[in-house]
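Visitor: The following comprises the amino acid sequence and a computationally predicted model.
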Amino acid sequence: MSTQIGIEQTGPNELNRVKGYRYELWCIARAAGIRYCVVYCDVDEAGCREWNKERSDRGEASYVDCVFEDLVRRFERPERRNRWDSPLFELYPSRDGIEKSSLVILEAVTYLTKTVDSKTQVARVLQPSIATQSARFSEANSLYELDRATQEVINAVVEQQGLGGAISRVTLGNELPPIEICRPVGLPELRRLRRTFVKLMGQASLSGPPLPTDADSAKRRFVDYLNGEFGGQ
């Protein structure tokens with residue numbers, strides 16, 4: 001049996017230099033039920049510049065000046081009070097150097113591999129939270145279809161109202177039910193209803209059926225929702 005662990009290294013020159021990306025990695029670790037920690041290599045800007053210059057002088061991969069400046073400007077230091085930056089282990093190369101036997105690295109490895117229950121010797125498994133239960137309802141295809149389908153419905157409502165004259169029904173074709181409206185409906189209201197519908201669909205999929213994966217199914221659900229909203233007015 002193998003133990004799954006996740007370790008993230010971060011510094012001014014790493015892709016995970018922004019807290020939003022570190023949060024995504026934390027969510028992935030939670031959803032997968034693996035341990036996670038952040039190892040931060042704390043080097044000042046002058047030290048990073050020197051490292052980058054040395055790599056360039058040796059003909060190794062390095063950052064050009066404009067990219068380096070952008071990395072420095074966008075860097076967001078890990079903060080142990082943030083749950084996605086915790087536990088945080090900090091290295092100080094300019095003071096301590098970096099060795100495989102460094103105390104901080106040993107502490108990080110110990111955290112990732114230690115057992116919680118002294119009797120069963122079973123490591124604690126992180127439990128997914130609502131924010132990380134994305135397997136069922138956050139699949140790229142489902143979200144894409146829901147977003148596209150609801151926007152097409154809104155476009156149809158706006159377009160048919162803009163043709164002139166009062167209308168009481170918006171038709172969508174493809175054997176979809178019409179939208180019954182009893183008054184003009186503005187774009188701000190339609191956008192608000194769309195946002196609410198998408199939010200409700202995401203919440204419902206936690207305990208109910210998953211999001212639709214085809215456009216017609218998504219449109220049909222949105223049309224039913226709009227008819228329910230307009231029917232009570």
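Guide: Nice, thanks for sending it over. Numbering: from 1, shown residues only.

Visitor: Domain boundaries for this protein, per the record?
Guide: 5-132, 140-231 (automatic domain parsing).

Visitor: Save the ones you listed as TSV, and put in mean pLDDT and mean neighbour count too.
Guide: For every residue, glycine as well, the C-beta is placed using N, CA and C. TSV is the format used below for the domains of the chain (pLDDT from 0 to 100; neighbours: other C-beta atoms under 10 Å):
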stretch	mean pLDDT	mean neighbour count
domain 5-132	75	14
domain 140-231	79	15
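
Visitor: what ranges do the helices span in this structure?
Guide: 19-32, 45-57, 65-74, 93-96, 103-113, 140-161, 187-204, 215-231 (DSSP state H).

Visitor: Could you export those to a markdown table, including columns for distance to Ser168?
Guide: Listed next are the helices of the chain as a markdown table, based on distance: least, C-beta to C-beta, whole Å:
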| stretch | distance to Ser168 |
| --- | --- |
| helix 19-32 | 45 |
| helix 45-57 | 65 |
| helix 65-74 | 52 |
| helix 93-96 | 71 |
| helix 103-113 | 63 |
| helix 140-161 | 11 |
| helix 187-204 | 16 |
| helix 215-231 | 10 |
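
Visitor: Out of those, which gets nearest to Pro87?
Guide: With respect to Pro87, and counting by C-beta to C-beta, the nearest of the helices of the chain is helix 103-113 at 6.0 Å.

Visitor: can I get the CA coordinates of that closest one in CSV?
Guide: Extracted in CSV, the C-alpha atoms of helix 103-113 (Å, rounded to 0.1, in the frame of the first residue of the first chain):
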residue,chain,number,x,y,z
LEU,A,103,15.8,20.7,9.0
VAL,A,104,12.8,22.4,7.3
ILE,A,105,12.7,19.8,4.5
LEU,A,106,12.9,17.0,7.0
GLU,A,107,10.0,18.6,8.9
ALA,A,108,7.9,18.8,5.7
VAL,A,109,8.6,15.2,4.9
THR,A,110,7.8,14.2,8.4
TYR,A,111,4.5,16.0,8.2
LEU,A,112,3.5,14.3,5.0
THR,A,113,4.4,10.8,6.1
